[in-house]
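J.: 3D, please:
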Amino acid sequence: MEIYTKFELSSDLQVAGSLYCEKLVDDGLGLTLLLRDSKSERILSINFEYVYSFLKTNESYRLKTLIAIPDDQYLILKVENSKFLSWLHTESKGIYIQHDIHHFMIITDNEVIDILSNKNPTVQGIDN
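T.: So this is what the prediction gives:
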């Protein structure tokens, strides 16, 4: 069974409203998500320096997962006993099993974005 825990953000990065994914960029700097807070219009930039895999899914296709999460107000979750990570190890024939890979889940108003990375994300606020 997957276990979801809140990834703590600093107090100045708290979200007031719903989040919307404005942009997702996968380039030489890693994976960067720009999320807009519907109330404050503030943009949060979330960057994962190295990503093994990621999956972006419309939230309506992830209802079973969303129901299992105790509080849907979390911005970033860490997932233990991850099915996604198990899938990666199976598909790669276990060559990354010794890597310290973590499953992060980002929930916006319209999407669930799953990221497998060996480093915590860098999160910054961008005021408009």
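
J.: which residue ranges of the protein form strands?
T.: 3-6, 19-27, 30-37, 43-48, 51-58, 76-80, 102-107, 111-117, 122-126 (DSSP state E).

J.: nearest to residue 95, of these?
T.: strand 51-58 (11.1 Å; C-beta to C-beta). Backbone N, C-alpha and C define where each C-beta goes, glycine included.

J.: what does the closest one contact?
T.: 21, 24, 26, 30-31, 48, 84, 88, 96, 99, 101, 110-118 (C-beta atoms under 8 Å, 6 or more residues apart in numbering).

J.: low-scoring stretches of the chain, by residue?
T.: 71-74, 128 (pLDDT under 70).

J.: ok, longest helix in it?
T.: Scanning the chain for the longest helix, with DSSP state H as the assignment, gives helix 83-91.

J.: now for that helix, which elements pack on it?
T.: strand 51-58, strand 102-107, strand 111-117 (3 or more C-beta pairs under 8 Å, 6 or more residues apart in numbering; DSSP states H and E).

J.: ok, which of those strands comes nearest residue 16?
T.: Among these, strand 102-107 comes nearest to residue 16, with 15.6 Å by C-beta to C-beta.

J.: buried stuff in that closest one?
T.: By 16 or more other C-beta atoms under 10 Å, the buried positions in strand 102-107 come out as 102, 103, 104, 105, 106, 107.

J.: for residue 1, state which of these is nearest.
T.: Of the buried residues of strand 102-107, the one sitting nearest to residue 1 (C-beta to C-beta) turns out to be residue 103, at 13.8 Å.

J.: measure that closest one to residue 48 for me?
T.: Separation of residue 103 from residue 48 (C-beta to C-beta, to the nearest Å): 12 Å.

J.: identify the contacts common to those two.
T.: residue 115.

J.: just read off the phi/psi values of residue 9.
T.: phi -110, psi 150 (degrees, to the nearest 10).

J.: when you give positions from now on, start the count at 37
T.: Will do, 37 is the new start, and the previous item becomes residue 45.
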